[in-house]
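**Student:** I need the structure of the sequence given here:
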Amino acid sequence: MVNCYVGLTDSIYWPTFVIAVVAAIIASQAMISAAFAIISQALNLGCFPRVRVVHTSAKYEGQVYIPELNYFIMMACIIVTAIFRTTEKIGNAYGIAVVSVFVITSSLVTLIMTFIWKASIWWIALFFLTFFCTDSIYLSAVLSKFIQGGYLPIAFSFFLMTTMGIWHYVYKERYLFELENKVSSDYVKDLARNPQIRRVPGIGLLYSELVQGIPPIFPHFVSNIPTVYSVTVLVSIKSLPISKVPLDERFLFRQVEPRDYRVFRCVVRYGYNDRIEEPQVFEQQLVENLKEFIRHEHFILEDASREQMPDSDIQDSESLPEVQQSATRVSSSSIQSFNAAKSTNSSIRPIPGSTQLGVEEELQIVQRAKEQGVFYLLGEAEVVAKQDSSFFKKFVVNYAYNFLRKNVRQGQKLLEIPRTRLLKVGMVYEV
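**Tutor:** I've put the predicted structure just below:
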């Protein structure tokens, strides 16, 4: 290959060299930033294995940094440079990559014009024939350099698309399995009536991706270890596309019937700039918000009881047990935000009597359970293909996906769960 610097005079050699280096740095930074953004969006869609994403800006969501991907790109650059040795093959690979982007962009814009903009079919045909045909001519020209280095971007894209396809397929099948096999609230009622189930002191936090319903890992845990913590919380961690979630809006609770069994659902919401707290801080915040939820629920039940009864019955002290009895029948099926809870608490005055005493007893039980210890239950689900599945599906699920899952960041590391209080519950998902 002819050196491009041969025809330069000594006076402009170094300025040209500096400009070329700066241009290469700018181009490489654009490629790295685009790779970070694409992988971050793929993570949000469940199309890529878990990696650490660091948001470098509180104002712009798209400014991210992924350490694992950064090291992978560095190693790939070193390996490609050592193998190709000349810029000719790298130029051939770059040409195929750029022209392929042109073809993909023209195809996607055609789809947008058809389904989003709903443009005229004549404009769509004119655009497609003009740009797609022109890009295809360029693509056919650069494909002649395929074996001289042009195979590199196609090999990289095939590897990434295969990884994303395998992960997304099994991730979707696993979620559908949990959704189809989730347990109804009647299961908790059966537990409350089962004398063989022991209640152990402490708070149990069972992590699951399901926002509604009871995950199948919970009855599996109870069937192997017939115990339930005195306070059980089914926790779901969700990320929101905002910078920070205020602390008073982070925890959303819902109580599972029967109320006296103290099983709660909790959705914990984080923004992309929120850092998951240390275990002690997280436990304290969760317990305090749980107490606030219990107070708020009792106030709502009391208010509902007042509206259902005549004024003369509310003024009669002998009717207070009936108020409490009817209050326990009111469902708390909606998830409450604690901004509304605080404003409601300031306007509703609790009536004295056994109902308020029940509130204090519930709060004391939760506080004692917290002092006795908070324990983490994490489902370790092994996903396998069904026996009657095809050979290709068994290979994808049993070998390819499990290889990826065992070599990515684990859930307890992402959530900073202390190992001394972690109990993993194994279960097999047949998809």
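
**Student:** okay but Gly426 is in contact with Leu378, surely?
**Tutor:** No. Shown here, Gly426 and Leu378 do not form a contact pair, counting by CB atoms under 8 Å, at 10.2 Å. Where you see a C-beta, it was placed from the backbone N, CA and C, and this is true even at glycine.

**Student:** Which one's more surrounded, those two?
**Tutor:** Between Gly426 and Leu378, counting by other CB atoms under 10 Å, Leu378 is the more crowded of the two (19 against 12).

**Student:** what is the more buried one paired to in the beta sheet?
**Tutor:** Residues in a beta bridge with Leu378, per DSSP bridges, are Tyr207, Lys424.

**Student:** Please read off the pLDDT at it from the model.
**Tutor:** Among the per-residue scores, Leu378 holds a pLDDT of 80.

**Student:** cool, and Glu416?
**Tutor:** Glu416 carries a pLDDT value of 69.

**Student:** again with Met1
**Tutor:** Met1 is assigned 43 on the pLDDT scale.

**Student:** could you pull out the strands for this protein?
**Tutor:** Secondary structure of the chain (DSSP state E): strands located at 54-55, 64-65, 198-207, 227-240, 251-256, 263-271, 374-384, 422-430.

**Student:** Turn those into CSV, columns for distance to Pro153.
**Tutor:** Conversion of the strands of the chain to CSV gives the following (distance: least, CB to CB, whole Å):
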stretch, distance to Pro153
strand 54-55, 27
strand 64-65, 23
strand 198-207, 39
strand 227-240, 31
strand 251-256, 45
strand 263-271, 35
strand 374-384, 31
strand 422-430, 36
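
**Student:** Setting aside sequence neighbours, what's the nearest residue to Phe282?
**Tutor:** Take Phe282 and drop its neighbours on the chain: the residue closest to it by CB to CB, 6 or more residues apart in numbering is Ile276, 7.2 Å away.

**Student:** Ala42 is in contact with Gly165, isn't it?
**Tutor:** No. Using CB under 8 Å as the test, Ala42 is too far from Gly165 to be in contact (11.0 Å).

**Student:** More neighbours: the two, which one.
**Tutor:** Here Ala42 and Gly165 are set side by side on neighbour count (other CB under 10 Å), and the busier one is Ala42, at 18 against 13.

**Student:** neighbours around the residue nearest to that one when sequence neighbours are not counted, how many?
**Tutor:** If you skip the residues right next to it in sequence, Ala42 has Phe48 as its closest partner in space, 4.0 Å away by CB to CB, 6+ apart. Taking other CB under 10 Å as the criterion, the count of residues near Phe48 is 22.

**Student:** One more: Ile417?
**Tutor:** The number of residues packed near Ile417 is 20, by other CB under 10 Å.

**Student:** Leaving out the residues flanking it, which one is nearest to it?
**Tutor:** By the measure of CB to CB, 6+ apart, the closest residue to Ile417 outside its immediate chain neighbours is Tyr376, 4.8 Å from it.

**Student:** about what we covered before: of the strands of the chain, which approaches Arg295 most closely?
**Tutor:** Comparison of the strands of the chain against Arg295 by CB to CB identifies strand 251-256 as nearest, at 11.5 Å.

**Student:** quick one: average pLDDT of the closest one?
**Tutor:** If you average the pLDDT over strand 251-256, you get 86.

**Student:** Stretch 133-153 now?
**Tutor:** In the prediction, stretch 133-153 has an average pLDDT of 89.

**Student:** And it, what's buried?
**Tutor:** With burial defined by 16 or more other CB atoms under 10 Å, the residues of stretch 133-153 counted as buried are 135, 139, 142-143, 145, 149-153.

**Student:** could you dump those to JSON lines with distance to Ile294?
**Tutor:** As requested, those are exported to JSON lines (distance: CB to CB, whole Å):
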{"residue": "Asp135", "distance to Ile294": "62"}
{"residue": "Leu139", "distance to Ile294": "64"}
{"residue": "Val142", "distance to Ile294": "66"}
{"residue": "Leu143", "distance to Ile294": "67"}
{"residue": "Lys145", "distance to Ile294": "69"}
{"residue": "Gly149", "distance to Ile294": "66"}
{"residue": "Gly150", "distance to Ile294": "65"}
{"residue": "Tyr151", "distance to Ile294": "63"}
{"residue": "Leu152", "distance to Ile294": "60"}
{"residue": "Pro153", "distance to Ile294": "57"}
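
**Student:** and of the residues you listed, the nearest to Leu69?
**Tutor:** For the buried residues of stretch 133-153, the residue nearest Leu69 by CB to CB is Pro153; the value is 16.6 Å.

**Student:** mind checking how far that closest one is from Leu143?
**Tutor:** Pro153 sits 12 Å away from Leu143, going by CB to CB, to the nearest Å.

**Student:** Next: Gln387.
**Tutor:** For Gln387, the distance to Leu143 equals 44 Å [CB to CB].

**Student:** Same question for Val98.
**Tutor:** Val98 sits 13 Å away from Leu143 when distances are taken as CB to CB.
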